[in-house]
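A.B. asks: compute the structure for the input listed below.
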Amino acid sequence: MADGSYEVNAYGAAVKVRSPSMVVLLHVVTLGFYNWYWYYKINRELRDFGKVYRLERLQEVNPWLSLLAVTFGSLLIVPAIVSWYRCTKRIQDAQAVLGHSPLSGLAIGFSFAGGLLLTLPFLIIPYLVQDALNKVWEPFRGIDPHAGHDPNLAPVSIGALDSLPQARGWDTGRVDAEQMAAITHFLLSRAGLDAGARTQQANDLAARIRPLVVGAEPDLEPERLLELVAATRAEAPSDSTAPPATAG
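C.D. replies: Predicted structure coming up:
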């Protein structure tokens, strides 16, 4: 693409990497109208990513209501502020899947407040937001655009299956949806990592997960621990009730 953007398939979620500078430029040359289109698109992308990784705060969003909050709702100011607050939280949830540092809510808040007095600070927001989203989407580049993904079917090695009967006795109830999404992402992407990065990511993630799993052997290999947690959670019955859409 001439603007440097490209489509990415995040295991079934169609998302787009965009040049943050180009996003800001389009905000300027369209006198802010591009912001409406862009805001709808990023919230739709976050919603679809949330469905893939079962992230409640993401999958419950209605991008049309988000758009309404920053258009007509901006006349009242408060709906737009609430919508941006929720959007920032969604981005932080998506970043957590890949273990990224969260987007600064303070930076977004101060930029929004400054934009109420001067237009220029508003332009900091799309740059920061798109840059943060790009770092989430880029690792998925190169995945077959027709490939789907069920987080409950994370790859588990044959060696891990040997330990599955014992792992079924573990209590994994304290491992929340966000942490499960991070485990799933690691198991799906590990084959493309070099040995050092794979070991480091497994160690870091297992260090977060191990204290939450009651009954697991303390000396269990990090990658094996993650596989077994994924396998046992996949066997657990899930609630198929779809969460309601919320405004903003």
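
A.B. asks: buried stuff in stretch 170-188?
C.D. replies: 170, 172, 175, 177-188 (16 or more other CB atoms under 10 Å). Bear in mind the C-beta positions are built from the backbone N, C-alpha and C, glycine included.

A.B. asks: how about the residue nearest in space to the middle of the chain, nearest residue that isn't a chain neighbour?
C.D. replies: By CA atoms, centre = their mean, the mean C-alpha position of the chain lies nearest to residue 94, the distance being 1.7 Å. Nearest residue to residue 94 in three dimensions, chain neighbours excluded: residue 136, at 5.0 Å (CB to CB, 6 or more residues apart in numbering).

A.B. asks: what's the neighbour count on the one you found?
C.D. replies: Counted with other CB atoms under 10 Å, the neighbours of residue 136 add up to 23.

A.B. asks: and the gap between residue 100 and residue 94?
C.D. replies: 9 Å (CB to CB, to the nearest Å).

A.B. asks: shared neighbours, those two?
C.D. replies: residue 136 (CB atoms under 8 Å, 6 or more residues apart in numbering).

A.B. asks: give me the buried positions along the helix or strand where residue 225 lies.
C.D. replies: Using DSSP states H and E, residue 225 maps to helix 222-235. For helix 222-235, the neighbour count (16+ other CB under 10 Å) marks 222-234 as buried.

A.B. asks: now, among the residues you listed, which is nearest to residue 76?
C.D. replies: residue 233 (42.4 Å; CB to CB).

A.B. asks: for the closest one, give me the pLDDT.
C.D. replies: Looking at residue 233, its pLDDT stands at 78.

A.B. asks: now swap in residue 106 and tell me
C.D. replies: On pLDDT, residue 106 comes in at 76.

A.B. asks: shift numbering so it begins at 351
C.D. replies: Shifting the count to begin at 351 puts that one at residue 456.

A.B. asks: need the next SSE after the host helix or strand of it, C-terminal direction.
C.D. replies: Applying DSSP H and E as the criterion places residue 456 in helix 455-465. Using DSSP H and E, the next helix or strand after helix 455-465 towards the C-terminus is helix 474-487.
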